[in-house]
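In: Fold the following for me, if possible:
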Amino acid sequence: MRHLLIGLAGLLVVVLGACSGPAASGTASRSGGGWPRDVAVTMTDELRFEPGRFGFSAGETVRFEVTNAGEIRHEFFIGDAAAQAVHEAEMREMGGMAHDEPNGIAVDPGESKVLEHTFAVAGSVLIGCHELGHYDAGMVATVEVDG
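Out: Next comes the predicted model:
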């Protein structure tokens, strides 16, 4: 009986070790197993996204954990240049009234939100903040999606 318990304890250590490796840490890609990759993003009042560049694979699902480290509201909107232009025009028409939608979230000061997005095709995509004046001031990040 003692040998059986020692054997089971050893097996448990191996299983737990495998579960706590890089794939479960939240920083490595888990898309191959059907799980999204977790990516932390910080928005600042210097009108920047940190990091400012991203690289993903076509078909990859990413779970962006977005934190507004500033004292003013920011937005995190994913789309190509044309989608960014349309969204910018909508924000201007609404007087800067931000709201959450499938490709974007508004994040109040000190708040964190999550946006999950699947990058369906290869190419370049942008992440922009369309609070009035932020996008034009350079609050834009670049995403390169490999095929």
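In: tell me the domain boundaries of this structure?
Out: Domain assignment for the chain by automatic domain parsing gives 1-28, 36-146.
In: Show me which parts of stretch 121-138 are buried, residue by residue.
Out: 125-131, 134-135 (16 or more other Cβ atoms under 10 Å). C-betas here are computed from N, CA, C, even on glycine.
In: what sits against the residue nearest the centre of the chain?
Out: Most central in the chain under Cα atoms, centre = their mean is Phe64, positioned 1.8 Å from the mean C-alpha point. By Cβ atoms under 8 Å, 6 or more residues apart in numbering, Phe64 lies in contact with 39, 41, 76, 114-117.
In: Please apply the same query to Ala120.
Out: By Cβ under 8 Å, 6+ apart, the neighbours of Ala120 are 58-59.
In: separation between it and Pro36?
Out: 14 Å (Cβ to Cβ, to the nearest Å).
In: And the furthest pair within the buried residues of stretch 121-138?
Out: Farthest apart among the buried residues of stretch 121-138 by Cβ to Cβ are Val125 and Glu131. That separation is 19.7 Å.
In: just checking, next helix/strand downstream of the least confident helix or strand in the chain by mean pLDDT?
Out: Ranked by mean pLDDT, DSSP states H and E, the helix or strand of the chain with the weakest confidence is helix 2-19, at a mean of 35. The helix or strand immediately downstream of helix 2-19 is strand 37-44, counting by DSSP states H and E.
In: Show me what counts as buried in the very next helix or strand once past that following strand.
Out: Stepping forward along the backbone from strand 37-44, the first helix or strand reached (DSSP H and E) is strand 48-50. Across strand 48-50, burial judged by 16+ other Cβ under 10 Å covers 48-49.
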